[in-house]
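Chemist: I need the structure of the sequence given here:
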Amino acid sequence: MPVITPIVVTLDFLEFPPGYTCRGEDRTPALNISNLTAKSLAIMVFNPFIKSCCSFSTWLIWNIPAMARIPEGFPKEPVVTRPVSAVQGKNDYGTIGYHGPCPLDGEMHRYQFRVYGLDTFLDLPPGSRKDDLIHAMQGHVVQYGETVALAR
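Modeler: Modelled structure (predicted):
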């Protein structure tokens, strides 16, 4: 089993600007990653405040080439080539790609961005769900880091 080393993950904000939410363009935000030595990256974003579940996924993406800054603006397509190549899964809303924060008026939610550094690219079909991604990553996670952001 590989040794998992930490990576530092940051966003450009603490509270989601409207452009990254359902009230704006619903764009994927950029992520900054340091101490990276992995071959590829997988990202899972969760909203733990959804009452029906403890780890409600709002974005699943993998096979991102390892890089220090993951750019914003991934389209909602199963296989993407821009802004960088990657494969996206089906979130817990039942859609492909990113689903930005959309809390009810007066509520504040915390979103967790979990970034996994992998020793390989995954042989996992587009549209796979979080359980499939977790299973495919087993034995391949060599780095891990996370960050959070707030949405209201």
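
Chemist: residue contacts, D119?
Modeler: 2, 38-39, 140, 142 (Cβ atoms under 8 Å, 6 or more residues apart in numbering). All C-beta atoms are positioned from the backbone trio N, CA, C, and that covers glycine.

Chemist: Restricted to strands, list those residues.
Modeler: Secondary structure from DSSP state E places V142 of those in strands.

Chemist: Show me which of the contacts of D119 is closest to I61.
Modeler: I61 has its nearest neighbour among these in A38, at 14.6 Å by Cβ to Cβ.

Chemist: Leaving out sequence neighbours, find the closest residue to the closest one.
Modeler: Spatial nearest neighbour of A38, excluding adjacent residues (Cβ to Cβ, 6 or more residues apart in numbering): G117 at 2.8 Å.

Chemist: Look up phi and psi at that neighbour.
Modeler: phi -90, psi 130 (degrees, to the nearest 10).

Chemist: Check the contacts of D119 for burial and list the buried ones.
Modeler: Buried members of the contacts of D119, scored by 16 or more other Cβ atoms under 10 Å, are 38, 140, 142.

Chemist: Give me the pLDDT for the last one.
Modeler: Right, V142. In this model, V142 is scored at 97, pLDDT.

Chemist: do the same with M1
Modeler: pLDDT, M1: 60.

Chemist: buried set for stretch 9-16?
Modeler: Buried residues in stretch 9-16, counted by 16+ other Cβ under 10 Å: 9-11, 16.

Chemist: Looking at those, which is nearest I96?
Modeler: Proximity of the buried residues of stretch 9-16 to I96 (Cβ to Cβ) peaks at F16, which lies at 20.7 Å.

Chemist: Can you pull the phi/psi pair for the closest residue to that closest one other than its chain neighbours?
Modeler: Among residues not flanking F16 along the chain, A151 sits closest, at 4.5 Å (Cβ to Cβ, 6+ apart). Main-chain dihedrals, A151, degrees, to the nearest 10: phi -140, psi 140.

Chemist: Contact partners for A151?
Modeler: For A151, the contact set (Cβ under 8 Å, 6+ apart) comprises 15-16, 21, 100-103, 108-111.
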